[in-house]
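Chemist: dropping the sequence and predicted coords here.
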There are 2 protein chains.
Amino acid sequence: MAMTTTMVAWESRRDQLQGGGGGGHGHGGERREHMFEKVVTPSDVGKLNRLVVPKHYAEKYFPLGAAARSSPAGTVLCFEDARRGGGETWRFRYSYWSSSQSYVITKGWSRFVRDKRLVAGDTVSFCRAGGRLFIDCRRRAAVPPTTSSLAPQAASINVQRSSAVDEKEAAAGCGGRCLRLFGVDLQLLAEPPALDLQL
Amino acid sequence: MAMTTTMVAWESRRDQLQGGGGGGHGHGGERREHMFEKVVTPSDVGKLNRLVVPKHYAEKYFPLGAAARSSPAGTVLCFEDARRGGGETWRFRYSYWSSSQSYVITKGWSRFVRDKRLVAGDTVSFCRAGGRLFIDCRRRAAVPPTTSSLAPQAASINVQRSSAVDEKEAAAGCGGRCLRLFGVDLQLLAEPPALDLQL
DNA sequence: TGACCGACCTGTATC
DNA sequence: TGATACAGGTCGGTC
């Protein structure tokens, strides 16, 4: 396997995980710089096992050299978990698919989706601090009151947890905390817009 | 799909098929030694163009040197057709895929599948005689009488040849000589368990 | 250009 | 239950 394991350079400074200062959630000794975020699509969290990185951000923040761009092997991106204290790292293959002219994160992504219980509509965000990269995610915002007011009626109908519906429906993006009914995602519980995904 | 890849490790008594002593169908001067066989899966005969060789047998009968094992090029295995009088040979690329930790026959395999009209559920078997390798195949065994007794009723129903049904059904393993109805494979004709695949 | 095929990947069943 | 085998996929190169 000829993967050009280009670690996007980070000097591992494990000692400052709790640095408190400027950055986001208290990690990353230096100031955490927000790069971009993406509301994930059903495909991003489905069986395709890949995250499409919007080209604009990809070329701005994760530029691939000509060699890596033409190689299917792409490169490897390492992100530190922005939340977990242990500084868990996520290794993703990152490459360019010429067929679809898109930048994608492939290998490693499905593990992240599973681990974070990521569902369509959730948001993943990417930050950096010095040479270090961080990844974070949060739940989608709660649905508007008008929609969620349907829930009482729905409660009397024989519905399924979305995790039990067939793949096509599940791919449509409803996670463990909502019901999908007549094509509409219903929140089971009122949730704050940003929910800590730690288990 | 949980098809149990039953590798039937039998001591080859080919003479019960042809009666003749010594070497099976009259080839291979020396005694034909059965190595192993595999009931092919839908993937083995589908678009993936590869046969997964169960690791146990691969390492026992087709060991790859360290060099060939690490190389994607693998090696080439030549098999003589165990049935055709002309001694047709089949050349297969044989290699190890480290990503899935499996041994596979790739190049040349799809030609064999096509030529032999191989379908899921059929069996391919590998023998050797001296330094020569032989490959053979046979149709899946006929379904039990209790099941095939459904055929009279089935005859009046609008059924399809399995070769025309969709991939999922075709994948279930019914070949050109049977019908698949209500999830049951029905033989169209009474067949001996071992059928010569020559056209 | 499209069909074929090589390389790589992952979920699931199994041990 | 963790590790492993492998069936069922993907994308991209090639011809």
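Modeler: Looks like it came in fine.

Chemist: and the pLDDT at residue A:176?
Modeler: Looking at residue A:176, its pLDDT is 37.

Chemist: one more: residue A:124?
Modeler: At residue A:124, the pLDDT value in this model is 91.

Chemist: what are the buried residues along the one helix or strand it maps to?
Modeler: Residue A:124 is part of strand A:123-129 when elements are defined by DSSP states H and E. Under the neighbour-count criterion of 16 or more other CB atoms under 10 Å in any protein chain shown, strand A:123-129 has A:123, A:124, A:125, A:126, A:127, A:128, A:129 buried. To be clear about C-beta, it is placed using only N, CA and C from the backbone, and glycine gets the same treatment.

Chemist: who touches that strand?
Modeler: Residues outside strand A:123-129 that contact it (CB atoms under 8 Å, 6 or more residues apart in numbering or on different chains): A:23-24, A:27-40, A:51, A:57, A:61, A:79, A:82, A:118, A:133-138, A:140.

Chemist: now with 7 Å?
Modeler: Applying CB atoms under 7 Å, 6 or more residues apart in numbering or on different chains, the external contacts of strand A:123-129 come out as A:23-24, A:28, A:30-40, A:82, A:133-138.

Chemist: drop anything exposed from the residues you listed.
Modeler: Using 16+ other CB under 10 Å as the burial test, these include A:23-24, A:28, A:30, A:32-33, A:36-38, A:40, A:82, A:133-138 as buried.

Chemist: where does residue A:43 land in three-state SS?
Modeler: Secondary structure, DSSP: H, G, I helix; E, B strand; the rest coil: residue A:43 is helix.

Chemist: that one: neighbour count?
Modeler: When neighbours are defined as other CB atoms under 10 Å in any protein chain shown, residue A:43 has 15 of them.

Chemist: let me know the pLDDT of it.
Modeler: 86.

Chemist: and it, how far is that from DNA strand D?
Modeler: 9 Å (CB to the nearest atom of the strand, to the nearest Å).

Chemist: before we move on, what about residue A:40?
Modeler: Distance, residue A:40 to DNA strand D, using CB to the nearest atom of the strand: 16 Å.

Chemist: one more: residue A:129?
Modeler: Residue A:129 is 31 Å from DNA strand D, by CB to the nearest atom of the strand.

Chemist: give me the domain ranges for chain A.
Modeler: Here the domain parsing of chain A from automatic domain parsing is A:14-138, A:145-187.

Chemist: least confident of those domains, on average?
Modeler: Mean pLDDT per stretch puts domain A:145-187 lowest among the domains of chain A, at a mean of 38.

Chemist: now whichever residue of chain A sits closest to DNA strand C, nearest residue through space, not along the chain?
Modeler: For chain A, the residue closest to DNA strand C is residue A:110, as judged by CB to the nearest atom of the strand, at 3.2 Å. Leaving aside its chain neighbours, residue A:110 sits nearest to residue A:49 (4.3 Å; criterion: CB to CB, 6 or more residues apart in numbering or on different chains).

Chemist: which of the helices or strands spans residue A:135?
Modeler: strand A:132-138.

Chemist: again with residue A:93
Modeler: strand A:89-97.

Chemist: next structured bit after that strand?
Modeler: Toward the C-terminus, strand A:89-97 is succeeded by strand A:102-105 as the next helix or strand (DSSP H and E).

Chemist: give the other helices and strands that that following strand contacts.
Modeler: Packing partners of strand A:102-105 (3 or more CB pairs under 7 Å, 6 or more residues apart in numbering or on different chains; DSSP states H and E): strand A:51-53, helix A:55-61, strand A:89-97.

Chemist: need the helices for chain A, in chain order.
Modeler: A:42-45, A:55-61, A:66-70, A:109-116, A:145-148, A:151-155, A:167-171 (DSSP state H).

Chemist: circling back: any idea which of the helices and strands packed on strand A:102-105 gets closest to DNA strand D?
Modeler: Comparing the helices and strands packed on strand A:102-105 by CB to the nearest atom of the strand, strand A:89-97 comes nearest, at 2.7 Å.

Chemist: how near is residue A:79 to DNA strand D?
Modeler: For residue A:79, the distance to DNA strand D (CB to the nearest atom of the strand) stands at 22 Å.

Chemist: and that residue, how many neighbours does it have?
Modeler: If we define neighbours as other CB under 10 Å, then residue A:79 has 24 of them.

Chemist: list the contacts for the residue lying closest to it once chain neighbours are set aside?
Modeler: In this structure, residue A:79 finds its nearest non-sequential neighbour in residue A:135, 3.9 Å apart by CB to CB, 6+ apart. Residues in contact with residue A:135 (CB under 7 Å, 6+ apart) are A:79, A:81, A:82, A:90, A:124, A:126.

Chemist: just to revisit the earlier point, pairing partners for the strand holding residue A:93, with directions?
Modeler: strand A:75-81 (antiparallel), strand A:102-105 (antiparallel) (DSSP bridges).

Chemist: what's in contact with the shortest one?
Modeler: Contacts made with strand A:102-105 from outside it, assessed by CB under 7 Å, 6+ apart, are listed as A:50, A:51, A:52, A:53, A:55, A:58, A:92, A:93, A:94, A:95, A:96, A:97.

Chemist: all good on my end, thank you.
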